[in-house]
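J.: pasting the structure only:
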């Protein structure tokens, strides 16, 4: 029981870090410097406040869903439910990247979201 709880608490701390990044983004005055792509240059943002709010919502939702996907850790070490956590986090990450690329970046990029 103790090992399961420790694993879940660590999982919740990681999810809480995403929620914390979202809250940080909500109050930031300049465009959010954190994104999904490594070594990608930040584009010029049309409306900084709305962009930051959209990023804040994305990060907070990611963190909340991440924590919820950690619940199978409480079932035990040899539980097959852990597959739900693994596949769920992969799907959640892909979904978050798609929302960022197709919605947020397209809506708030100064040149209209053209990638060329």
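T.: Arrived safely. These numbers were taken from a predicted model, which means no experiment stands behind them.

J.: in contact with the closest residue to residue 48 other than its chain neighbours, which residues?
T.: Spatial nearest neighbour of residue 48, chain neighbours left out: residue 31 (5.4 Å); criterion: CB to CB, 6 or more residues apart in numbering. For every residue, glycine as well, the C-beta is placed using N, CA and C. By CB atoms under 8 Å, 6 or more residues apart in numbering, the contact list for residue 31 reads 42, 45, 48, 51-52.

J.: now, those residues that are in helices?
T.: Judged by DSSP state H, helices contain the following of those: 48, 51-52.

J.: looking at these, which is nearest residue 98?
T.: Among those, residue 51 lies closest to residue 98 (CB to CB), at 17.2 Å.

J.: I'd like to know how many residues surround that closest one.
T.: Residues within reach of residue 51, counting by other CB atoms under 10 Å, total 21.

J.: I'd say it and residue 45 touch.
T.: Yes. If you go by CB atoms under 8 Å, residue 51 and residue 45 touch, sitting 4.7 Å apart.

J.: now do the shared contacts for these two.
T.: Common neighbours of residue 51 and residue 45 (CB under 8 Å, 6+ apart) are 31, 108.
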